[in-house]
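# Need coordinates for the below:
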Amino acid sequence: MMRQAGRYLPEYRELRAEKGGFLDLVYDTDAAAEVTLQPLRRFPFDAAILFSDILIVPFALGQDLKFVAGEGPRLSPTLDTNKLEDLTRHPERLEPIYETVAKVRAGLDEKQTLLGFAGSPWTVATYMVAGQGSKDQAPARKMAYAEPERFAALIEAIADMTVDYLSGQVKAGADAVQLFDSWSGSLSPEQFDKWVIEPNARIVKAFKAIHPDIPVIGFPKGAGEKLPRYAERTGVDAVGVDETIDPEWAHANLPADLPVQGNLDPLLLINGGEALDAGVDRVIAAFKGRPHIFNLGHGIDKTTPIAHVERMISRVRGK
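Purely as a prediction, here's the structure:
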């Protein structure tokens, strides 16, 4: 499940309290590997999902990164008023993540998959421009309209670093990678093509030139009716489907035989009971006939009861 590492598990919260800040936890490779492996000790999952953060790439591009308790990540200097070329790059900031990947791989059964990931350029850029998450990504959207060349240079820099980052994860032991575009739903169709489809297609092409046999999963959250176009044009090997998309529509409109991932509503998992059973059944039935990675439509919430996760897995395995 997306964000399977941590949050809803007491053993994660205990380790997080011991280590302190989120970034300290990410950069403690033993602790990050432990967090990645914790869910597999509780549940019969098929894969481990690397414990890290999408903002490691802007950190490597030269922005300062910190996580403020109760408020989330902060990047500085912000690129709405500062220049990318004035930042000093620190690619060595990626190295501890590769060490975590290697330690996780060593701790997994050979039949279990290890998924690496990175943020897609548009979503990462929204944080780099504003310095934090924003309600409608307006600072980045305004820059994209007002200064398209400057914004394109930022997207290109993120894409180039992302290819290196994903490649490093694979060399360290990742079996597949996923690109998260958490804020793709805020863009108009034309802007979606320019800032989501084109950069992700560039990443996939460059990555596949290095690792032709490693699957790439693309997850453009909020893409809606633009999802089939994303699937067809980016070259991804599988596509994530968020909880707002009708799975029957997705099955009917996505390229035939393209593997899909998703799309149970995380709030339904919190609710549990017969409604959860029905939701699981609907997702499985909708994607019957094509390769399907059962997953949530977005990240698991920290308030999710462990018993509901157990019930969901039992329901999926029983089908």
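# Got the confidence number for Trp195?
pLDDT for Trp195: 98.
# Spell out the secondary structure type for it.
Following DSSP: H, G, I helix; E, B strand; the rest coil, we place Trp195 in the helix state.
# Helix or strand: which one has Leu258?
Assigned by DSSP states H and E, Leu258 falls within no helix or strand.
# and Leu114, how many residues sit next to it?
23 (other Cβ atoms under 10 Å). (C-beta placed from N, C-alpha, C; glycine too.)
# Name the SS class of it, please.
Classification of Leu114 using three-state DSSP returns strand.
# Tell me if I'm right that it and Val104 touch.
Yes - if you go by Cβ atoms under 8 Å, Leu114 and Val104 touch, sitting 5.8 Å apart.
# List the buried residues for the helix ranked longest in the chain?
As assigned by DSSP state H, the longest helix anywhere in the chain is helix 148-172. Judged by neighbour count using 16 or more other Cβ atoms under 10 Å, the buried positions of helix 148-172 are 151, 154-155, 157-159, 161-170, 172.
# helices and strands around it, which ones?
helix 56-61, helix 95-107, strand 113-119, helix 121-130, helix 138-146, strand 176-181, helix 198-210 (3 or more Cβ pairs under 8 Å, 6 or more residues apart in numbering; DSSP states H and E).
# Most tightly packed of these?
Highest mean neighbour count among the helices and strands packed on helix 148-172 (mean count of other Cβ atoms under 10 Å): helix 121-130, with a mean of 27.
# Quick one: mean pLDDT for it?
98.
# before we move on, what about stretch 224-232?
98.
# pLDDT wise, what is the residue nearest the centre of the chain at?
Closest to where the C-alpha atoms of the chain average out (Cα atoms, centre = their mean) is Phe180, at 3.6 Å. You'll see Phe180 listed with a pLDDT of 97.
# who's it bridged to?
Taking DSSP bridges as the rule, Phe180 bridges to Gly119, Phe219.
# Correct me if wrong: it contacts Leu115.
No - in this structure, Phe180 is not within contact of Leu115 by Cβ under 8 Å, at 11.2 Å.
# what residues are shared contacts of these two?
Among the neighbours of Phe180, none is also in contact with Leu115 (Cβ atoms under 8 Å, 6 or more residues apart in numbering).
# Can you give me the domain boundaries for this protein?
Residue ranges for each domain of the chain read 10-37+46-232, 237-319, as given by automatic domain parsing.
# how about TSV for the ones you listed, with distance to Met1 added?
Shown next, in TSV, are the domains of the chain (distance: least, Cβ to Cβ, whole Å):
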stretch	distance to Met1
domain 10-37+46-232	8
domain 237-319	5
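# Please name whichever of these is nearest to Met2.
Met2 lies closest, by Cβ to Cβ, to one member of the domains of the chain: domain 237-319, at 4.8 Å.
# Let me see the mean pLDDT of the closest one.
Rounded mean pLDDT across domain 237-319 is 96.
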